[in-house]
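>>> Dropping the sequence and predicted coords here.
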Amino acid sequence: MIDEEDVRGLVATADIPPPPVGVAEVVEAGQRIAARWRTTGTAGAACLAVILVAATVSVLATRSGGRTPVDHPGVAAPLVTATPLVTGAGNRPSAATSAAPPTRTCAATALKVPGRYTDVSADVIDPAGRYIAGHATVGEDFVPILWTDGVPRLLPIHAQSVQVSSVNAQGVAVGVMYTNHYRDQEIFRYQTGVVTILSSPVAKTWNLYPVPYINAAGVIMVNAEPPHESGGTHSIVVEWAPGETTGRILSMPVIDDVLAIGDNVLAGGSYPDGPAGDAIVWDLNGGNPRTLRAPDGSTAVVYGVAGHFAVGGVWEQNGSGPGAILWDLDVPGYIELPLTGPLMSVNAKGWTLDGTRVYLGGPVAALGLLAGVDATEVAGTSIADNGTVVGGIGGAHGSVVPVIWHC
């Protein structure tokens, strides 16, 4: 089995592009690491989330500087937590808190797998906890799966590779399909058995990144940049209104990347100084940007949003990081959590996870292994409002078991 040191070794030898960088490079770096990993036959798709996070860390850790937050000056208001915090510019865990072991374990249950697939991962869960999107891995390609109340279904989408990246509480899922040897990309919406290819204002050869997202109302968004470019130099944000099939380009600066969507906000990062970043939230139309506070001298990016909470990563001026950071959008300030950043998913209670541990508004729980399964690798990727976590557990011979955890 591959362990953490193997992951670090693969990341260290990856062809990581130099700064300035954008999410497109992160995804490309992660895909290169994943492809190299699969070629060796030593690991499966359960580690994909870990790989992408590792690539994110490697690519984005060079960011420093950034402009001073303008919306929430002064001392941050404390967030509710059961853990003692050191206060200052924000709420930061003490060294003892950061090293504190989990106080409980979330029990794991294997999800049913369609057909004879043996390498399957659950990637994202809707806020209500009923719908789960994931994929089976066949060679280098993904086969899309949607679970409803635990019952899996292969989605009738025929392309070289298909990734379902987001699903809402109504069971409407979105994702990206790849054709023409991965040179062409198209966004699709899946609803009540019907697959709709969404029309984009840009060509199929544009790079879509990181993945499309959908909110409760059915608003869909994704970033795009011209082919043969990287770093978001001329990137745009494309949004589809609920039920519409034709997208429109939002009027936003090219320095902005939208990396998450909530019921009322877009969230992500802005890069006014090239590689340096600020955590930003916008209205759904891309207007009214608000900079979220982060530790003095650091840079931050939002990767997940739910209700009035947002999570992401924070990088110190000396290049260390990423740290795990949580914001309550209703109050000034932030809290740095005793987890490993960056954080990618949060629920409406402010609970979040780092892949192996879950922050439950104070207590920290570990994601447990499956009884009777010879496995040591755990990758939780998404959390619902009821505390259900989905992801995968790496088994023998590189196979992956899709799992839900009850926290």
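Nice, I can see it.
>>> okay, CA-based contacts and neighbour counts for the rest of this
OK.
>>> Could you chop the chain up by domain?
4-129+222-243+253-406, 130-221+244-249 (automatic domain parsing).
>>> Endpoints of the last one, how far apart?
Using C-alpha to C-alpha, to the nearest Å, the span of domain 130-221+244-249 from its first residue to its last is 32 Å.
>>> So for that domain, mean pLDDT?
Averaged across domain 130-221+244-249, the pLDDT comes to 95.
>>> ok, T340 - contacts?
T340 makes contact with 322-324, 354, according to C-alpha atoms under 8 Å, 6 or more residues apart in numbering.
>>> circling back: considering the domains of the chain, which stretch scores lowest in mean pLDDT?
Per-stretch mean pLDDT for the domains of the chain is lowest at domain 4-129+222-243+253-406 (a mean of 72).
>>> Is P227 in contact with T205, as I believe?
Yes: because the distance of 6.0 Å satisfies C-alpha atoms under 8 Å, P227 is recorded as touching T205.
>>> Look at those two and report which has more neighbours.
Legend: neighbour count by other C-alpha atoms under 10 Å for P227 and T205, higher for T205 (17 against 13).
>>> so the more buried one sits in a strand?
No: with DSSP: H, G, I helix; E, B strand; the rest coil as the criterion, T205 is coil rather than part of a strand.
>>> That one against Q185, yeah?
Yes: taking contact to mean C-alpha under 8 Å, the distance of 6.6 Å between T205 and Q185 places them in contact.
>>> Dump the contacts of T340 to JSON lines, plus secondary structure and neighbour count.
Below are the contacts of T340 laid out as JSON lines (DSSP: H, G, I helix; E, B strand; the rest coil; neighbours: other C-alpha atoms under 10 Å):
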{"residue": "P322", "secondary structure": "coil", "neighbour count": "23"}
{"residue": "G323", "secondary structure": "strand", "neighbour count": "20"}
{"residue": "A324", "secondary structure": "strand", "neighbour count": "24"}
{"residue": "D354", "secondary structure": "coil", "neighbour count": "22"}
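>>> Kindly indicate which of these lies nearest G115.
The shortest gap between G115 and any of these belongs to D354, at 30.4 Å (C-alpha to C-alpha).
>>> So the closest one versus T291, what's the distance?
Here the distance between D354 and T291 works out to 24 Å (C-alpha to C-alpha).
>>> now swap in E186 and tell me
Using C-alpha to C-alpha, one obtains 31 Å as the distance from E186 to T291.
>>> One more: P342?
18 Å.
>>> which of those two has more neighbours?
Here P342 and T291 are compared on neighbour count by other C-alpha under 10 Å; more neighbours surround P342, at 27 against 20.
>>> Checking that one next. Helix, strand or coil?
With three-state DSSP as the basis, P342 sits in coil.
>>> check contacts around the residue nearest to it when sequence neighbours are not counted.
Sequence neighbours aside, G313 is the residue nearest to P342 in space, at 4.0 Å (criterion: C-alpha to C-alpha, 6 or more residues apart in numbering). Taking C-alpha under 8 Å, 6+ apart, we find G313 in contact with 300-303, 321-325, 341-343.
>>> neighbours around P201, how many?
Taking other C-alpha under 10 Å as the neighbour definition, P201 ends up with a count of 12.
>>> Name all residues that make contact with G323.
Here G323 is in contact with 313-315, 336-337, 339-342 (criterion: C-alpha under 8 Å, 6+ apart).
>>> ok, those residues vs G394, which is closest?
Nearest to G394 among these, with distances taken as C-alpha to C-alpha, is T340, at 19.7 Å.
>>> which strand residues sit across from the closest one in the sheet?
Per DSSP bridges, the residues bridged to T340 are G323.
>>> any idea how far it lies from G268?
The spacing between T340 and G268, counted by C-alpha to C-alpha, is 19 Å.
>>> from the contacts of T340, which is closest to N264?
Proximity to N264 was ranked across those by C-alpha to C-alpha; first place goes to A324, at 23.3 Å.
>>> Surely I125 touches Q170?
No: because the distance of 11.7 Å does not satisfy C-alpha under 8 Å, I125 is recorded as not touching Q170.
>>> Looking at those two, which one has more neighbours?
I125 (30 against 17).
>>> ok, that one - contacts?
For I125, the set of contacting residues under the criterion of C-alpha under 8 Å, 6+ apart consists of 131-133, 166-167, 382-384, 389-390.
>>> run the last query once more with 7 Å
Residues near I125 by C-alpha atoms under 7 Å, 6 or more residues apart in numbering: 131-133, 167, 382-384, 390.
>>> quick revisit: farthest-apart pair in the contacts of T340, please.
In terms of C-alpha to C-alpha, the contacts of T340 reach their longest pairwise distance at P322 and D354, which sit 11.6 Å apart.
>>> intersection of neighbour lists for the two?
Counting by C-alpha under 7 Å, 6+ apart, the common neighbours of P322 and D354 are G341.
>>> Which residue is the nearest non-sequential neighbour of E377?
Nearest in space to E377, with sequence neighbours left out and distances taken as C-alpha to C-alpha, 6+ apart, is G394 at 5.1 Å.
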